[in-house]
Every structure is written in C-alpha cells, then in structure tokens.
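K.L.:
have a look; sequence and predicted model below, questions after that.
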Amino acid sequence: MAKTVALSAQLREAAGKGAARRERREGRIPAVIYGDKQEPVSISFERVEFERKLDSHFFTHLFEITVGETVHTVVARDLQMDPVRDFPIHVDLLRVTGDAVVTINVPVEFLNADKAPGLKRGGVLNIVRHEVEMKALWNNIPEKVTVDLTGANVGDSIHFSAVVVPRGVTPTITDRDFTIATIAAPSALKSEENAEGGEAA
C-alpha cells in the first residue's frame, strides 16, 4: 500500500505566472490542490523540505498536506521540473476521498535475477515497461509491483500475468497479457548460433 507522506504548505494569495516566479525566488515551489468537486487551492511548499520528500515513488505516495488548520489528502498528478537546472517548479495535486479511484503509473521491480538461468548465461534483461498504468482505490495504491525472475531463461518473455498485483488493483490495458520484459541472448551466444547455422547450411 502507498506510503503516506506529511508536508506543510502555505496559501498563495496571488495566482498567475508572476506570483509563481516570486514564490520560486523566495525558495518556494508553487502548487495547486484540485478535485473532489471543490474549489482549487493555490499553495506553495518550502523547496528544501519538498525536495527531501521527492523520490522515485513520488506518484504512488499519498500526501497529507497541512495548510493552516486544514489537512488535504492528495496524490500527485503532475510535477514540472526546470529543464536546465532540474529542480521542481510546480506541482499539481488531486484530492482523494471516499471511494475515489485513481489512475497511476506503478513502478515495476524485478526480483531474483541471480536465480534466472538466462541471466546467469549472460543474457540481457530488456525491460519493456518500467512502469504499468493501473487503477486503484486511492487508499489501496501500491508503491510498486514485482516480477519474480526465478527460472527465466534466454528467449523468455515476461508478461503482465507474472506481475504480483494487490487485490483490487487492475491494469488499464485489459485486452491482452502485455509484455513487461524479455530475456535476450548475449551477443556471444548469438554469434555461436549464427556460426552453427552457417555451418549447417
């Protein structure tokens, strides 16, 4: 289940690009909380505190944002980064309550590579999907999903059916058992097979 992260924020009295630039000059990151049929709330985070909470699971965390005496439970929907200096410049946050279902990109983690014969032979794990788009209740968001590589051999394709998924979480692609990764032959093995094929011909 998703980790819950607490953050404090302050209201932004002014909106617009000019106000957002002022916030950034003051070491703050502008953000907006929206959704749940309520009015959007313009806020800002202290940049250093926000960056401490920024990690690879940012979009699968739940956040409890304290603004004054109000606490908003949200998920992150968009994070804009400065294209040159690579730090956050704006965040969009979606309120989640009740039986709200959210669509999120969940990271895929591969386990037991040391127990995959194909990788032991020098095969290469080609990851087709580092993330899988899934639907889940807001309070049942998985931080990640896992694939067990035990027994995987050269030439194998690993499909979504091999992914360990929490109950109640479903992929947005439902019409096929799509590929997550493949085990490709090492170049040396390919050369040997090509050579053998040439000799046989």
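P.N.:
Alright, I've got the coordinates. Numbers count the residues shown, from 1 in each chain.
K.L.:
could you pull out the helices for the chain?
P.N.:
Counting by DSSP state H, residue ranges of the helices within the chain are 17-25, 47-52, 117-120, 187-200.
K.L.:
what mean pLDDT does the third one have?
P.N.:
Just to be clear, that refers to helix 117-120. Rounded to a whole number, the mean pLDDT of helix 117-120 is 94.
K.L.:
returning to that earlier point: mean pLDDT lowest where, among the helices of the chain?
P.N.:
Taking the average pLDDT of each of these, the minimum falls on helix 187-200, with a mean of 54.
K.L.:
which residues are in contact with the closest residue in space to residue 112 that isn't next to it in sequence?
P.N.:
Leaving out its chain neighbours, the residue that sits closest to residue 112 by CB to CB, 6 or more residues apart in numbering is residue 150, at 4.6 Å. Backbone N, C-alpha and C define where each C-beta goes, glycine included. With contact set as CB atoms under 8 Å, 6 or more residues apart in numbering, residue 150 has these partners: 112, 115-116.
K.L.:
how close does residue 150 sit to residue 83?
P.N.:
The gap separating residue 150 from residue 83 is 41 Å, by CB to CB, to the nearest Å.
K.L.:
repeat that for residue 9.
P.N.:
With distances defined as CB to CB, the gap from residue 9 to residue 83 amounts to 24 Å.
K.L.:
between these two, which one's more packed in?
P.N.:
Summary of the neighbour comparison: residue 9 and residue 83, criterion other CB atoms under 10 Å, with residue 9 having more neighbours (25 against 7).
K.L.:
touching, that one and residue 64? I think so.
P.N.:
No. If you go by CB atoms under 8 Å, residue 9 and residue 64 don't touch, sitting 10.7 Å apart.
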